[in-house]
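[1] quick one, fold the following:
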Amino acid sequence: MTDTLLDAVRRYADTYADADGLARTPVPGLTTIRSTSPSGLLYAIARPLVCLVLQGTKQVTMGSQTLTFGPGDSLLITADVPTVSQVTAASAARPYLSLVLDLDPAVIADLSMQMQTASVPDGGAVRFEPTDGEVADAALRLMRLLERPEAVPVLHAQRVRELHYWLLEGRHGAAIRRLGWPEGNARRVARAVAVLREAFAQPLPMEQLASVAGMSPSSFYQHFRAVTSLSPLQFQKQLRLIEARRLMLADGMTASDAAFAVGYESVPQFTREYRRMFGLPPAKDAEGMRGAMAVAGATP
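    Below you'll find the predicted structure:
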């Protein structure tokens with residue numbers, strides 16, 4: 001019987017997935033995801049990645065754009081952007097299964113130079129296409145490597161590089177190439193996003209972020225919105241709210257403590273903005289999420 005990428009990912013996920021369905025592999029940046037039921041909404045700031053969906057269906061929203069993709073599709077995210085995702089089709093008999101690889105700008109830059117390809121389109125940071133056959137084959141070789149643990153430290157880098165090569169050669173290639181341009185707008189904005197991620201609880205003037213990106217404030221604002229779909233202030237606000245939610249759920253913080261921890265000076269303002277983003281006041285949302293997790297944990 002011929003082994004497929006679905007078979008390989010299913011075996012690995014069944015063996016190593018944690019309570020959240022994630023199975024991180026010994027290969028840096030490579031993760032399998034397994035879900036046996038439709039999920040709630042997951043709010044996150046995604047990093048550049050490619051997600052190969054093998055079974056089930058998932059929906060991802062960025063700004064006003066909503067994408068629904070299923071088996072045989074590859075989701076591409078080319079910037080650090082806030083996303084809302086949800087598994088929409090999954091069951092115990094046919095779980096949602098996908099393989100996620102973080103994209104490496106250094107590998108992309110080196111390969112792009114050798115391949116002498118330079119067309120770089122504009123467009124959104126989130127898109128999906130049918131998975132190219134060569135990409136699926138390279139991903140399968142990478143998954144098979146995991147079954148030979150002694151070979152992983154020796155061979156994983158070239159297998160990951162091969163997968164990047166076929167991604168660049170395939171339908172997503174032109175969009176991925178933007179990540180390899182050190183002085184391209186996407187990489188410049190990424191430098192500012194890194195500062196926002198690290199210091200989101202602090203006041204960060206536009207001029208400071210523009211300086212990090214090597215742009216004028218007006219040019220930076222324009223390119224930041226083009227890449228992330230948000231203004232720098234909106235981006236920082238979403239970072240703060242997502243982290244506050246995590247602090248309440250994971251660390252048991254009160255809403256007011258979480259608000260101050262992420263940089264808010266006004267609890268009422270925090271409550272208003274939290275409700276606008278998540279649909280419920282902070283305390284009620286945290287209570288509901290804890291209840292849902294308790295039920296999920298008690299379900300055989």
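[2] do a quick rundown of the strands in this structure.
    22-24, 30-35, 42-46, 49-55, 57-62, 65-69, 73-77, 81-89, 96-102, 126-130 (DSSP state E).
[3] using JSON lines, lay out those together with distance to residue 15, mean neighbour count and mean pLDDT.
    Bear in mind the C-beta positions are built from the backbone N, C-alpha and C, glycine included. Output for the strands of the chain, formatted as JSON lines (distance: least, Cβ to Cβ, whole Å; neighbours: other Cβ atoms under 10 Å; pLDDT from 0 to 100):
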{"stretch": "strand 22-24", "distance to residue 15": "8", "mean neighbour count": "16", "mean pLDDT": "95"}
{"stretch": "strand 30-35", "distance to residue 15": "10", "mean neighbour count": "23", "mean pLDDT": "97"}
{"stretch": "strand 42-46", "distance to residue 15": "23", "mean neighbour count": "16", "mean pLDDT": "85"}
{"stretch": "strand 49-55", "distance to residue 15": "16", "mean neighbour count": "21", "mean pLDDT": "96"}
{"stretch": "strand 57-62", "distance to residue 15": "22", "mean neighbour count": "20", "mean pLDDT": "90"}
{"stretch": "strand 65-69", "distance to residue 15": "26", "mean neighbour count": "15", "mean pLDDT": "88"}
{"stretch": "strand 73-77", "distance to residue 15": "24", "mean neighbour count": "22", "mean pLDDT": "93"}
{"stretch": "strand 81-89", "distance to residue 15": "20", "mean neighbour count": "19", "mean pLDDT": "89"}
{"stretch": "strand 96-102", "distance to residue 15": "13", "mean neighbour count": "23", "mean pLDDT": "97"}
{"stretch": "strand 126-130", "distance to residue 15": "28", "mean neighbour count": "18", "mean pLDDT": "88"}
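[4] and of these, who's closest to residue 241?
    Relative to residue 241, the nearest member of those by Cβ to Cβ is strand 42-46, separated by 8.0 Å.
[5] so what's the nearest residue to residue 104 once chain neighbours are set aside up against?
    In space, and not counting its chain neighbours, residue 104 is closest to residue 164: 6.7 Å by Cβ to Cβ, 6 or more residues apart in numbering. By Cβ atoms under 8 Å, 6 or more residues apart in numbering, the residues touching residue 164 are 103, 104, 107, 108, 111.
[6] got the contact list for the first one?
    This means residue 103. Residues in contact with residue 103 (Cβ under 8 Å, 6+ apart) are 48, 49, 50, 78, 164, 167, 176, 179.
[7] who does the third one bridge with?
    Right, the one you point to is residue 50. Counting by DSSP bridges, residue 50 is bridged to residue 76, residue 101.
[8] who touches it in this structure?
    74, 75, 76, 77, 100, 101, 103, 167, 172.
[9] tell me the confidence at the residue nearest to residue 104?
    At residue 164 the predicted local confidence, pLDDT, stands at 96.
[10] also residue 295?
    Confidence score, pLDDT, at residue 295: 52.
[11] returning to what we had before: could you report the separation of the residue nearest to residue 104 from residue 91?
    33 Å (Cβ to Cβ, to the nearest Å).
[12] what's the answer for residue 200, then?
    Counting by Cβ to Cβ, the gap from residue 200 to residue 91 is 37 Å.
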